[in-house]
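K.L.:
The sequence and its predicted three-dimensional model are supplied below.
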Amino acid sequence: MSRTCAFFTFALATLCVTSSLTAESMKRVTVSASGDTDFHTLQEAVDHAPSTGEIILLAPGRYREKIHITTPNIRLIGVGKRPQDVVLSWNDSARRAGGTGKSGSVSVDADGFAAENLTIENTWEMENERTEEGAQAVALLLNSDRAVLDNVRLLGAQDTLYANSRTCHENLPKDGSVPPPGQTACSASREYFRNCYIEGHVDYIFGDAKAVFDHCEMHSRHHDTVMLTAQSRHFPEEDSGYFFLHSRITGEDVGDKVVLGRPWRDYSTVLFYDTDVQQKLSADGWSEWAGRLKTSSYHEYKSHGPGVNGGHRIVNYPPLSAAEEEQLTPTGLLGGKDHWNPMEEANRLRERR
């Protein structure tokens, strides 16, 4: 795989970015709501991006706009000192937008997406009275293979992060019927989250990507029942799942029932490894959804911290073997046939600091 690095200087910072799709240096543009920059809105910068992608450097500020990205290899870099300094914000809900998949503040439908040192939020529930129907409000909808988010904050309530896959269901029958065995095999979109902060309550990380959450913090907002995940692997042959490595679970202990996840689809797959559990979990650990626990794959290993709650778990799983434990790395889980190294990609994003 060929790699090209392009060096740019902006706000006294240097950035090195890798492109596996072009032999030319990626285009660099700057965005600020005010000031002497290439664009004054992020969507305008995205709309003018070449088909090979570009680096978009965002000056500190709040960008109140709904963003849709369909160009591959778009990289969003916040140039503030903290991710809180650059905020991408909108406030749609499923009811108002016409569906959960249309509610995202930022929606990405292209491979090679990356974001670093910024915040993406959906403020619907903070600005409106919650309703039982149509309250889903996505901050980030991510349909992107080889996606990297490093030092990013994702803020919302129900359905904050839609970590989904572009690759697994494009050819499935439109009438909803089950295709014959063998026609459901697919490699899901690979998504890497490092040092991210994700906040929400009901199913606040959901979808069918193959995603690794590495040293991330999941922060639960108040709700009677909090479900961190609702992974949606549809078929046994589908290579998707959520893998939480060396991460933290936090949130105020106010009597809420907090579980690691529930199965949105029949073969929901989630693993937590070496988790620092600060918020008290329900002793069951997981919850049922339409009888799907019997076919789901839920694992939890080496959890520690005051919130572990050593009661029974509602699911059973075998001990972790030494060989399996060795594979619990971002590269081991996401490398794929093209030997992608997500940590290397994330490191390049950080070289601008």
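P.N.:
Received the coordinates, thanks.
K.L.:
For the residue nearest to the spatial centre of the chain, which three-state class applies?
P.N.:
Taking CA atoms, centre = their mean, the centroid of the chain lies closest to residue 163, which sits 4.6 Å from it. Here residue 163 is recorded as strand under DSSP: H, G, I helix; E, B strand; the rest coil.
K.L.:
so what's it up against?
P.N.:
142, 191, 205-207, 209, 211, 242 (CB atoms under 8 Å, 6 or more residues apart in numbering). Heads up, the C-betas are built off the backbone N, CA and C, glycines and all.
K.L.:
now these as CSV including pLDDT?
P.N.:
As requested, the contacts of residue 163 are arranged in CSV below (pLDDT from 0 to 100):
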residue, pLDDT
142, 98
191, 98
205, 98
206, 98
207, 97
209, 97
211, 98
242, 98
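K.L.:
Any chance you could list what contacts stretch 121-130?
P.N.:
87-93, 96, 103-105, 135, 137-139, 153-158, 160.
K.L.:
So what would you say the end-to-end distance of stretch 52-69 is?
P.N.:
For stretch 52-69, the first-to-last residue distance is 13 Å (CA to CA, to the nearest Å).
K.L.:
Run the chain-centre distance for that stretch.
P.N.:
17 Å (CA atoms, centre = their mean, to the nearest Å).
K.L.:
Now it: average pLDDT?
P.N.:
The average pLDDT for stretch 52-69 rounds to 97.
K.L.:
And the helix ranked longest in the chain, what's buried?
P.N.:
Longest helix of the chain, by residue count under DSSP state H: helix 342-350. Using 16 or more other CB atoms under 10 Å as the test for burial, helix 342-350 gives 342-343, 345-346, 348-350.
K.L.:
Just the CA trace of it, in CSV.
P.N.:
C-alpha atoms of helix 342-350 as CSV (Å, rounded to 0.1, in the frame of the first residue of the first chain):
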residue,chain,number,x,y,z
PRO,A,342,-5.5,2.2,12.9
MET,A,343,-3.1,3.3,15.7
GLU,A,344,-0.6,4.5,13.1
GLU,A,345,-3.3,6.5,11.4
ALA,A,346,-4.3,8.1,14.6
ASN,A,347,-0.7,9.0,15.4
ARG,A,348,-0.4,10.8,12.2
LEU,A,349,-3.5,12.9,13.0
ARG,A,350,-1.8,13.9,16.2
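K.L.:
re the thing from before, just the contacts of residue 163: which are in helices?
P.N.:
Using DSSP H, no member of the contacts of residue 163 falls within helices.
K.L.:
Among the residues you listed, which ones are in strands?
P.N.:
142, 191, 205-207, 211, 242 (DSSP state E).
K.L.:
and which of those is nearest residue 286?
P.N.:
residue 242 (12.7 Å; CB to CB).
K.L.:
those strands in the stretch 1-150 of the chain, which residues are they?
P.N.:
4-10, 13-19, 27-31, 54-58, 61-64, 67-69, 74-78, 86-90, 106-109, 114-122, 140-143, 147-155 (DSSP state E, counting those that start in this stretch).
K.L.:
Can you flag the weakest of the ones you listed by average pLDDT?
P.N.:
Taking the mean pLDDT of the strands of the stretch 1-150 of the chain, strand 4-10 comes last: a mean of 28.
K.L.:
before we move on, back to that, pick out whichever of the ones in strands among the contacts of residue 163 sits closest to residue 272.
P.N.:
Proximity of these to residue 272, judged by CB to CB, is greatest for residue 242, which lies at 9.0 Å.
K.L.:
Okay, the closest one and residue 209: tell me how far apart.
P.N.:
Per CB to CB, to the nearest Å, residue 242 is found 8 Å from residue 209.
K.L.:
Of the contacts of stretch 121-130, select the buried ones using a PyMOL command.
P.N.:
The following PyMOL line selects those of the contacts of stretch 121-130 that are buried, judged by 16+ other CB under 10 Å:
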select buried, resi 87+88+89+90+91+92+93+103+104+105+135+137+138+139+153+154+155+156+157+158+160
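K.L.:
Next, find the distance separating residue 85 from residue 77.
P.N.:
12 Å.
K.L.:
and if you look at residue 37?
P.N.:
13 Å.
K.L.:
Which one's more surrounded, the two?
P.N.:
Set side by side, residue 37 and residue 77 show more neighbours around residue 77, with 26 against 16, by other CB atoms under 10 Å.
K.L.:
what bridges to the more buried one?
P.N.:
Under the criterion DSSP bridges, residue 77 forms beta bridges with residue 57, residue 116.
K.L.:
what sits against it?
P.N.:
Taking CB under 8 Å, 6+ apart, one finds 15, 55-58, 115-118, 349, 352 in contact with residue 77.
K.L.:
Please apply the same query to residue 264.
P.N.:
203, 206, 230-232, 289.
K.L.:
Now, those that are in strands?
P.N.:
Short answer: the contacts of residue 264 in strands (DSSP E) are 206, 230-231.
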